[in-house]
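A.B. asks: Here is the input, now give the coordinates:
(chains A and B)
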There are 2 protein chains.
Amino acid sequence: MHKLSAATAPQAVLFDAYGTLFDVYSVALVAEQRFPGRGEALALLWRDKQIEYTRLVTMSAPDGSRYRPFWELTRDALRFACARLGQVLDTDAELALMNQYRHLSAFPEVREVLEGLKARGIPAGILSNGDPGMLGIAVRSAGLGPLLDHVISVEPARAFKTDPRAYALGPKTLGLNARQILFVSSNGWDAIGATWFGYTTLWVNRAGLPLDPLGTEPTRTGTSLRDVLGFF
Amino acid sequence: MHKLSAATAPQAVLFDAYGTLFDVYSVALVAEQRFPGRGEALALLWRDKQIEYTRLVTMSAPDGSRYRPFWELTRDALRFACARLGQVLDTDAELALMNQYRHLSAFPEVREVLEGLKARGIPAGILSNGDPGMLGIAVRSAGLGPLLDHVISVEPARAFKTDPRAYALGPKTLGLNARQILFVSSNGWDAIGATWFGYTTLWVNRAGLPLDPLGTEPTRTGTSLRDVLGFF
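C.D. replies: All right, here's what the predicted structure looks like:
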């Protein structure tokens, strides 16, 4: 991996939240307690449907009229996943699982990486599909507030990533060009979408997945959030 | 199921192609021959990725600049699915599987339903994500040409369903309002997207899946394409 020249080095970092800073599959443990033997399948389908719904409401109505907050789509995805797997989701189980989603664990290296950026004087933030309410709780719950300069929800755009109006909130908020911002995501599709938009990108490919062959590669691919620090 | 009044009865029918008229999972048989024990998993992941790629290229660039023909996205989805499942896809296997995708089986009731519409004087057609080349081959291969008045590809819109520009090709081609057209799909998301757009819709829920809880229901839900004839 080559060092970027000073002229092209990013001047700020924006992280995706769910799946990147926060471990969304940690809900599988709670799901497994509620639905023994089906926890992992439920967590995977829940996540797939959550993402699918963000895409459907966004691409079906370019004027934003189908937009609904991520929290609602997450809840509806949970309801679908349980129905699809033939599991009864009573109010108590729904509350327990959604509450777990609100208080996700941060990946172990998050704090160290954010502190490393702060030590280098690099502004850091989140650019997430999450709505402001759930993002605020997640950040506070993980104790990351003092380490983040920006927590940007796509909500004002009424469009979810990978819609360019969602990604545009980053440069607009930070007052930088997209290329001057390092966008970091563990979701391959998000890293590709951000690259298409114009960000400098890092795909944190924790799971060792193949790259989606969409004709575009992230600026770099890594295996841990620590690879962020290699840009500076 | 109530009979629609004459005033609101549809005046034409448009069918989704892949998964609705043509059985996309028939490729699982060929996949199973090539990759014993993994055929079903491969076919499912292939289909999921194919759809995901149509959404990503559409929503990432509202100007259509990321659009690529369905055939290419289908091939790339196959390559991803094999890589993801750790299967080696040599040129021979890729050709065999893509060729199978080109010559999908029609569901058994398709001919009877299209003949029923013809007997009633109701124009029938396809509105599909497929590009014109692959749609033409699929229609000819299944011998459906004489029974279809329109074979509409989303290609001129450079946007895949559920983008409204894709659905708009139906009313534009048929010279009718969306509500005057019955749009039929076995894909729940497609039935919902078409309902949002304004079509009269039938979701042919062959697999008995739960409805995606997106706040909208298709005009009707059935279990077979024969339910189309109940509208007339």
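A.B. asks: who touches whichever strand or helix holds residue A:196?
C.D. replies: Following DSSP states H and E, one finds residue A:196 within helix A:188-197. Helix A:188-197 has contacts (C-beta atoms under 8 Å, 6 or more residues apart in numbering or on different chains) with A:16, A:20, A:161-162, A:164, A:167-168, A:178, A:183, A:185, A:201-203, A:205, A:209, A:211-212, A:214, A:216-219, A:221, B:52, B:56, B:60-61, B:66. Any C-beta I mention is one placed from the backbone N, CA and C, and that applies to glycine too.
A.B. asks: Look at the closest residue to residue A:153 other than its chain neighbours and say how many residues are nearby.
C.D. replies: Excluding the flanking residues, the one nearest residue A:153 by C-beta to C-beta, 6 or more residues apart in numbering or on different chains is residue A:132, at 4.6 Å. By other C-beta atoms under 10 Å in any protein chain shown, 16 other residues sit near residue A:132.
A.B. asks: Residue A:81 too?
C.D. replies: With other C-beta under 10 Å as criterion, residue A:81 counts 25.
A.B. asks: ditto for residue A:119
C.D. replies: Neighbours of residue A:119 (other C-beta under 10 Å): 10.
A.B. asks: so the residue nearest to residue A:195 when sequence neighbours are not counted bridges to which residues?
C.D. replies: Computed as C-beta to C-beta, 6+ apart, the closest residue to residue A:195 that is not its neighbour in sequence is residue A:201, at 4.7 Å. The partner list for residue A:201 in beta bridges (DSSP bridges) reads residue A:183.
A.B. asks: Give me the pLDDT for residue A:201.
C.D. replies: For residue A:201, the pLDDT comes out at 98.
A.B. asks: Surely it is in contact with residue A:222?
C.D. replies: No - counting by C-beta atoms under 8 Å, residue A:201 does not reach residue A:222; the two are 10.7 Å apart.
A.B. asks: Same drill for these two, tell me which one is more crowded.
C.D. replies: residue A:201 (26 against 19).
A.B. asks: Show the contacting residues for the more buried one.
C.D. replies: Counting by C-beta under 8 Å, 6+ apart, residue A:201 makes contact with A:182, A:183, A:184, A:185, A:191, A:194, A:195, A:218, A:219, A:220.
A.B. asks: The last one: neighbouring residues, count only.
C.D. replies: The burial count assigned to residue A:220 is 20, neighbours taken as other C-beta under 10 Å.
A.B. asks: I'd like the average pLDDT over the helix holding residue A:196.
C.D. replies: Mean predicted confidence for helix A:188-197 is 98.
A.B. asks: Give the buried residues for that helix.
C.D. replies: A:188, A:189, A:190, A:191, A:192, A:193, A:194, A:195, A:196, A:197 (16 or more other C-beta atoms under 10 Å in any protein chain shown).
A.B. asks: cool, and stretch A:99-116?
C.D. replies: Under 16+ other C-beta under 10 Å, the buried positions of stretch A:99-116 are A:100, A:101, A:104, A:105, A:106, A:107, A:109, A:110, A:113, A:114, A:116.
A.B. asks: now swap in stretch A:123-135 and tell me
C.D. replies: A:123, A:124, A:125, A:126, A:127, A:128, A:129, A:130, A:131, A:132, A:134, A:135.
A.B. asks: Please flag which of the contacts of helix A:188-197 sit within strands.
C.D. replies: Under the assignment DSSP state E, the contacts of helix A:188-197 contribute A:183, A:185, A:201, A:202, A:203, A:221 to strands.
A.B. asks: Give me the buried entries from those residues.
C.D. replies: Among the ones in strands among the contacts of helix A:188-197, the ones that count as buried by 16+ other C-beta under 10 Å are A:183, A:185, A:201, A:202, A:203, A:221.
A.B. asks: separation between the closest residue to the second one other than its chain neighbours and residue A:133?
C.D. replies: To tie it back to what came earlier, the one meant is residue A:185. Distances taken as C-beta to C-beta, 6+ apart put residue A:16 closest to residue A:185, at 3.8 Å, once the chain neighbours are dropped. When distance is defined by C-beta to C-beta, to the nearest Å, residue A:16 is 18 Å away from residue A:133.
A.B. asks: Next, see if the helix with the most length in chain A gets close to chain B.
C.D. replies: Looking across chain A with DSSP state H, the single longest helix is helix A:39-59. Yes - against chain B, helix A:39-59 shows contacts by C-beta under 8 Å from any C-beta of the partner chain at A:48, A:49, A:52, A:53, A:55, A:56, A:57, A:58, A:59.
A.B. asks: And for the third one, the neighbour number?
C.D. replies: Neighbourhood size, residue A:52 [other C-beta under 10 Å]: 20.
A.B. asks: residues touching it, list them.
C.D. replies: The neighbours of residue A:52, taking C-beta under 8 Å, 6+ apart as the test, are A:77, B:189, B:212.
A.B. asks: next one: the fifth one
C.D. replies: Under the criterion of C-beta under 8 Å, 6+ apart, the contact partners of residue A:55 comprise A:160, B:55, B:56, B:59.
A.B. asks: Nearest to residue A:84 among these?
C.D. replies: Nearest to residue A:84, judged by C-beta to C-beta, of these is residue B:55 at 19.5 Å.
A.B. asks: how close does the closest one get to residue A:157?
C.D. replies: Where residue A:157 is concerned, residue B:55 sits at a distance of 17 Å (C-beta to C-beta).
A.B. asks: For the lowest-mean-pLDDT helix or strand in chain A, output the C-alpha coordinates as PDB.
C.D. replies: Sorting the helices and strands of chain A by mean pLDDT, DSSP states H and E puts helix A:27-34 at the bottom, at a mean of 89. Extracted in PDB, the C-alpha atoms of helix A:27-34 (Å, rounded to 0.1, in the frame of the first residue of the first chain):
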ATOM      1  CA  VAL A  27     -28.000  -8.500  17.700                       C
ATOM      2  CA  ALA A  28     -27.700 -12.100  16.600                       C
ATOM      3  CA  LEU A  29     -26.800 -13.100  20.200                       C
ATOM      4  CA  VAL A  30     -30.100 -11.500  21.500                       C
ATOM      5  CA  ALA A  31     -32.000 -13.000  18.600                       C
ATOM      6  CA  GLU A  32     -30.500 -16.400  19.400                       C
ATOM      7  CA  GLN A  33     -31.800 -16.100  23.000                       C
ATOM      8  CA  ARG A  34     -35.300 -15.300  21.700                       C
END
